[in-house]
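Undergrad: build me a structure from this.
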Amino acid sequence: MADKSSGKNATDTTSAGKQRPDPDTLHPGPEAESGQQPALAAQESAASGQQSAAPDQGQEPPALSENRPSPARLAGHGRPSPAQLADQAGTTTPKRPARGRPTPARLAQSVRTADADARRAVRKLVQGELPRQPRSLVENLAGGPYSQARTRAVSDADSRETIDLALRVAEGMFRFGGGALDAESSIVAIAAAYGLRDIEVDITNQSVKVNYPDTSGEPVSMMRVVRSWSQNYGGLARIHQFVREISEGKISRDEASQKLQTIMTSPKPFPKWIVIGASALAGATLTGVTGGGFFSCMVAFFNTLMAQFLARQLGRWRLPEFFTMAACAMVITLTAIAMYSTGLPVVTGFIVAGGIILLLPTGRVISATQDAINGFPVTAAGRFSSAFLVLSGLVSGIALAVVTGALLGIGRIDVTEEPLAVPPLLLGALLVVATSSLAVAEQTRPGYVLPTAVVGLAGLLVMNGYLALGASSVLGPAVGATVVGIGARLVGHWLHVPQLVIAVPGVTFLLPGLMLFRSLYGMTVESIASVEAFVGLFNALTVTFSIAGGVVLGDTLVRPFTGAEGPEAKRNRRR
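TA: The predicted structure is shown next:
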């Protein structure tokens, strides 16, 4: 009996120890929680000790074990929420403001922002314009063919080689007939692609100078002089594409140096005999475009052929350009006068006009005008001086031929003959042949000949349409030249070549060779009409410069629309 009662008491004691505690006792409020944690830990320890002794005293009833909550359940049950704790403390939870309803702080901030904007607008109205800060040359590449150039890190050891490469590229562009803007852009693009950003470029007619700071900040200058010239538009196009590859990061500097050497030493696209034949064909077809007949075109062909051979021979003797041009103009004019004296059905003025157009420094005048407009006055002055020297040689040669013919007893020729009517289809065909021949004579690559002819034909159609409206004949060539400039820029952007490669052959037919010859003949032979001759000469020069200005205008109008090269170029322009 005693054992049973003791066992029962032990069981009752264990059951009492297993009794579910009060949640308020296990989880007091925040003010008493820290003080009751040790007591709670002791109670849990005693409970665990009693659980470990239970197997010795007897197995616990299944019902009690199943209904007993777990410690995790006890921990989560009865814990007051933050809202209940706040209610017990006599406080309430702050409520968020309704969406869309501005708070007083936000209203005050909006008022301050509006007030600052108003003050800024008033300041712009009454304050003077701030001085313009210096602009990096790399930023000028935006909108051009090298706008994708990026600046990389570079050391002092590589800077000199980079600038030397850039100067060699600029020298090649000048030698092959490029403009100052293209040369400067190529220097800046190459320097930026190989790590030099803060550089200054100074370009004159015959020299290129670059100044840049080294890593210590000391200025370093390098210069290269252009001592020879060679009409090679094929080489100019290759250099242009070569610089594009550098700016896109496709070529390392060592590879670029070797490739540039290959370009500079490569032969021209066409051999000499093809160039001479193309020049003679261009002279003949230009005579037909101006209104000369079939016999006049044949005479112009052989006439131009002799002038080309003479120019090459005098070039081998290193005769100055002034005398070379004078000799060629004299041969062309004297031969035309001699043919006229034989009674052949030829028109002297148109024969001379076709030959003189080929000798005019078209590319030089266009480049000089472009340099003057783009902010290179020294280079423009040098090229204008050179162009006027060539023009003076042509004037001297024509005048000398006219005087020589008069001394030989050749009667006066009629320089006021009206041009023959040319059917539109034949005129277009003659122009395509003439422009293509001029492109070959300028050593353009074969793939650019047909696009050049199409651009020239577009200029002819627009000019004839403009003149058909009864507009001024002086402005007609300028309008046609503007169209040629626009087309040359678009085609050049498509083929990745400079605009001059397409524009110069495409605009040559617009030059006033007939007007120039008539004016010079009136000045030297018919002294009575010398005033009209001077006016005619002035008009011829005006038309020539208006043609050059039209080409530059067309290039300028289209440049903003052809500078973008896609997303990468847009990101570079936002630098």
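Undergrad: residue 292 belongs to a helix?
TA: No. The secondary structure assignment for residue 292 gives coil rather than a helix, going by DSSP: H, G, I helix; E, B strand; the rest coil.
Undergrad: distance check, the closest residue to it other than its chain neighbours against residue 419.
TA: Nearest residue to residue 292 in three dimensions, chain neighbours excluded: residue 350, at 3.4 Å (C-beta to C-beta, 6 or more residues apart in numbering). (Each C-beta comes from the backbone N, C-alpha and C, glycine too.) Distance, residue 350 to residue 419, by C-beta to C-beta, to the nearest Å: 7 Å.
Undergrad: kindly report the same for residue 244.
TA: Distance from residue 244 to residue 419, counting by C-beta to C-beta: 44 Å.
Undergrad: residue 451 - nearest residue in space that isn't next to it in sequence?
TA: When the adjacent residues along the chain are set aside, residue 451 lies closest to residue 491, with 4.8 Å between them (C-beta to C-beta, 6+ apart).
Undergrad: correct me if wrong: the one you found contacts residue 502.
TA: Yes. With contacts counted by C-beta atoms under 8 Å, residue 491 reaches residue 502, the gap being 5.1 Å.
Undergrad: which residues do those two both contact?
TA: Here residue 491 and residue 502 have 451, 452, 455 as joint contacts, going by C-beta atoms under 8 Å, 6 or more residues apart in numbering.
Undergrad: for those, could you give me TSV that also reports neighbour count?
TA: Formatted as TSV, these follow (neighbours: other C-beta atoms under 10 Å):
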residue	neighbour count
451	22
452	28
455	25
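Undergrad: with respect to residue 115, which of those residues is nearest?
TA: Nearest to residue 115 out of these is residue 455 (C-beta to C-beta; 57.6 Å).
Undergrad: so where does the closest one fall, helix or strand?
TA: Assigned by DSSP states H and E, residue 455 belongs to helix 449-468.
Undergrad: which secondary structure elements does that helix contact?
TA: The contact analysis (3 or more C-beta pairs under 8 Å, 6 or more residues apart in numbering; DSSP states H and E) places helix 449-468 against helix 424-441, helix 475-495, helix 499-507.
Undergrad: got the contact list for the first one?
TA: Residues outside helix 424-441 that contact it (C-beta under 8 Å, 6+ apart): 233, 270, 274-275, 278-279, 281-282, 285-286, 288-289, 358, 422, 448-450, 452-453, 455-457, 460-461, 504-506, 508-509.
Undergrad: mind listing what's buried in it?
TA: Buried residues in helix 424-441, counting neighbours by 16 or more other C-beta atoms under 10 Å, are found at 427-428, 430-441.
Undergrad: ditto for the second one
TA: The neighbour-count criterion (16+ other C-beta under 10 Å) identifies 476-493, 495 as the buried residues of helix 475-495.
Undergrad: where are the low-confidence patches of the stretch 151-300 of the chain?
TA: The model of the stretch 151-300 of the chain has pLDDT under 70 over residues 151-157.
Undergrad: which residue ranges of it form helices?
TA: Secondary structure of the stretch 151-300 of the chain (DSSP state H, counting those that start in this stretch): helices at 156-175, 180-193, 233-247, 253-265, 272-290, 294-316.
Undergrad: which other helices and strands contact the shortest one?
TA: Looking back up the chat, that one is helix 253-265. Applying 3+ C-beta pairs under 8 Å, 6+ apart, one finds that helix 253-265 makes contact with helix 156-175, helix 233-247.
Undergrad: how near is residue 342 to residue 295?
TA: From residue 342 over to residue 295 the distance is 11 Å, taken as C-beta to C-beta.
Undergrad: that's a helix at the residue nearest to residue 292, yeah?
TA: Yes. Assessed by three-state DSSP, residue 350 belongs to a helix.
Undergrad: which pLDDT value goes with it?
TA: Residue 350 carries a pLDDT value of 88.
Undergrad: can you pull the contacts of it?
TA: Residue 350 sits next to 287, 290, 291, 292, 296, 300, 417, 419, 514 when contact means C-beta under 8 Å, 6+ apart.
Undergrad: rebuild the residues you listed as a markdown table, extending it with neighbour count and distance to residue 391.
TA: Listed next are those as a markdown table, based on neighbours: other C-beta atoms under 10 Å; distance: C-beta to C-beta, whole Å:
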| residue | neighbour count | distance to residue 391 |
| --- | --- | --- |
| 287 | 35 | 20 |
| 290 | 24 | 19 |
| 291 | 19 | 23 |
| 292 | 28 | 23 |
| 296 | 28 | 24 |
| 300 | 34 | 20 |
| 417 | 15 | 24 |
| 419 | 16 | 24 |
| 514 | 24 | 16 |
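Undergrad: put together a markdown table for the residues you listed, with distance to residue 561 on each row.
TA: Shown next, in a markdown table, are these (distance: C-beta to C-beta, whole Å):
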| residue | distance to residue 561 |
| --- | --- |
| 287 | 38 |
| 290 | 34 |
| 291 | 37 |
| 292 | 40 |
| 296 | 42 |
| 300 | 40 |
| 417 | 45 |
| 419 | 38 |
| 514 | 36 |
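Undergrad: quick one: mean pLDDT over the longest helix along the chain.
TA: Scanning the chain for the helix with the most residues, using DSSP state H, yields helix 530-562. On average, the pLDDT along helix 530-562 is 87.
Undergrad: equivalent analysis for stretch 118-135, please.
TA: Mean pLDDT, stretch 118-135: 69.
Undergrad: shouldn't residue 470 be within a helix?
TA: No. Residue 470 is assigned coil when assessed by three-state DSSP, not a helix.
Undergrad: against residue 476, how distant is it?
TA: Distance check for residue 470 against residue 476: by C-beta to C-beta, it reads 11 Å.
Undergrad: do residue 182 as well
TA: 29 Å.
Undergrad: what kind of secondary structure is the residue nearest to residue 293 when sequence neighbours are not counted in?
TA: Leaving out its chain neighbours, the residue that sits closest to residue 293 by C-beta to C-beta, 6+ apart is residue 420, at 5.5 Å. Three-state call for residue 420 (three-state DSSP): coil.
Undergrad: just to check, residue 420 is in contact with residue 292?
TA: Yes. Using C-beta under 8 Å, residue 420 is in contact with residue 292, at 7.0 Å.
Undergrad: what is in contact with those two at once?
TA: Residues touching both residue 420 and residue 292 by C-beta under 8 Å, 6+ apart: residue 347.
Undergrad: report the separation between residue 553 and residue 481.
TA: From residue 553 across to residue 481, the span is 8 Å (C-beta to C-beta).
Undergrad: ok, residue 534 next?
TA: Residue 534 sits 24 Å away from residue 481, going by C-beta to C-beta.
Undergrad: domain parsing for this protein?
TA: 138-265, 272-567 (automatic domain parsing).
Undergrad: of those, flag the one that's most buried.
TA: Comparing those by mean neighbour count (mean count of other C-beta atoms under 10 Å), domain 272-567 ranks first with a mean of 20.
Undergrad: what about that domain, distance to the chain center?
TA: In this view, domain 272-567 has its centroid 29 Å away from the chain centroid, taken as C-alpha atoms, centre = their mean, to the nearest Å.
Undergrad: likewise for stretch 160-167?
TA: Centre to centre, stretch against its chain (C-alpha atoms, centre = their mean), the figure for stretch 160-167 is 21 Å.
Undergrad: repeat that for stretch 200-215.
TA: Relative to its parent chain, stretch 200-215 has a centroid offset of 21 Å by C-alpha atoms, centre = their mean.
Undergrad: coming back round to it: pipe the buried residues of helix 424-441 into a markdown table and attach distance to residue 320 per row.
TA: A markdown table is the format used below for those (distance: C-beta to C-beta, whole Å):
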| residue | distance to residue 320 |
| --- | --- |
| 427 | 38 |
| 428 | 39 |
| 430 | 34 |
| 431 | 34 |
| 432 | 36 |
| 433 | 33 |
| 434 | 29 |
| 435 | 30 |
| 436 | 31 |
| 437 | 27 |
| 438 | 25 |
| 439 | 28 |
| 440 | 27 |
| 441 | 22 |
